[in-house]
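1. what follows is a predicted structure for the sequence shown.
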Amino acid sequence: MAFTTEYATKDDIEKYHLDELQKKYHLANPGLDWTYDKEKNVFLMLSMNGRGVESNIKIFLFSWKGEIYSYSFSITWEKETNTLSWTMHRVGGEPKFESDEVKQKYEDIYADLKEALQSYGSAGSANRKSYIHQFSNF
C-alpha cells in the first residue's frame with residue numbers, strides 16, 4: 001500500500017490514538033488530516049506551521065512503526081518548475097550512528113518520510129496538486 005493523504009476516520013482516530021497525539025503534541029491539524037501507510041504502520045501529521053517571516057517552516061510528527069519522531073522543514077516552491085524543495089533542520093547536529101544496523105534504520109525512516117512528504121504535498125488534504133519534490137539535509 002502506498003501513502004494516502006486524507007482526513008482520519010473515527011476508526012483510525014481510535015485505533016491510532018490520534019486524538020491523544022493531537023492533545024499531547026498540540027498538533028496544528030484541524031480534522032486530523034494525516035498521511036499514512038497502514039501496511040507499514042507509518043504516518044505523518046502536521047504539528048506546526050510557521051508564521052510571518054518563517055511561514056515556509058513546517059514541523060511534522062512522524063510515527064514510524066510505533067516510534068514518534070518530530071522533523072522540521074523549510075519548504076520552498078519553484079513556480080517555473082513546480083518543485084517543492086524540502087530542507088530538513090536538524091536539532092543537535094548530524095545523527096551519530098553507533099552501528100550499521102542503526103544507520104540502516106534511519107535510512108529506512110528517511111525513505112518512508114520522503115515518501116510520506118511527497119503524498120502530503122504542500123498542504124495535505126487541502127491541496128492535492130502534484131509537485132516535483134527535492135529533498136536536502138537528510
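-> Cool, the structure landed. Numbering: from 1, shown residues only.
2. for the spatially most central residue of the chain, what are phi and psi?
-> When CA atoms, centre = their mean is applied to the chain, the residue found nearest the centroid is Leu44 (4.3 Å). With angles defined as degrees, to the nearest 10, Leu44 sits at phi -130, psi 140.
3. that one: what's it in contact with?
-> Applying CB atoms under 8 Å, 6 or more residues apart in numbering, we find Leu44 in contact with Phe3, Trp34, Thr35, Tyr36, Phe60, Leu61, Phe62, Ser63, Leu113, Ala116, Leu117, Tyr120. Quick note: C-beta positions are derived from backbone N, CA and C, even for glycine.
4. may I ask which of these has the most neighbours?
-> Among the contacts of Leu44, Trp34 has the most neighbours (other CB atoms under 10 Å), with 28 neighbours.
5. not counting sequence-adjacent ones, nearest residue to Asp12?
-> Using CB to CB, 6 or more residues apart in numbering and skipping residues adjacent in sequence, the residue nearest Asp12 is Leu18, 6.6 Å away.
6. that should have said Met88, apologies.
-> Asn137 (4.4 Å).
7. correct me if wrong: the one you found contacts Thr87.
-> Yes - between Asn137 and Thr87 there is a contact under CB atoms under 8 Å: 5.4 Å.
8. check which helix or strand covers Tyr36.
-> strand 33-37 (DSSP states H and E).
9. helices or strands up against that strand?
-> Contacts defined by 3 or more CB pairs under 8 Å, 6 or more residues apart in numbering; DSSP states H and E place strand 33-37 against strand 4-7, strand 42-49, helix 100-120.
10. just give me the longest strand of this protein.
-> strand 67-78 (DSSP state E).
11. I appreciate the help and will end here.
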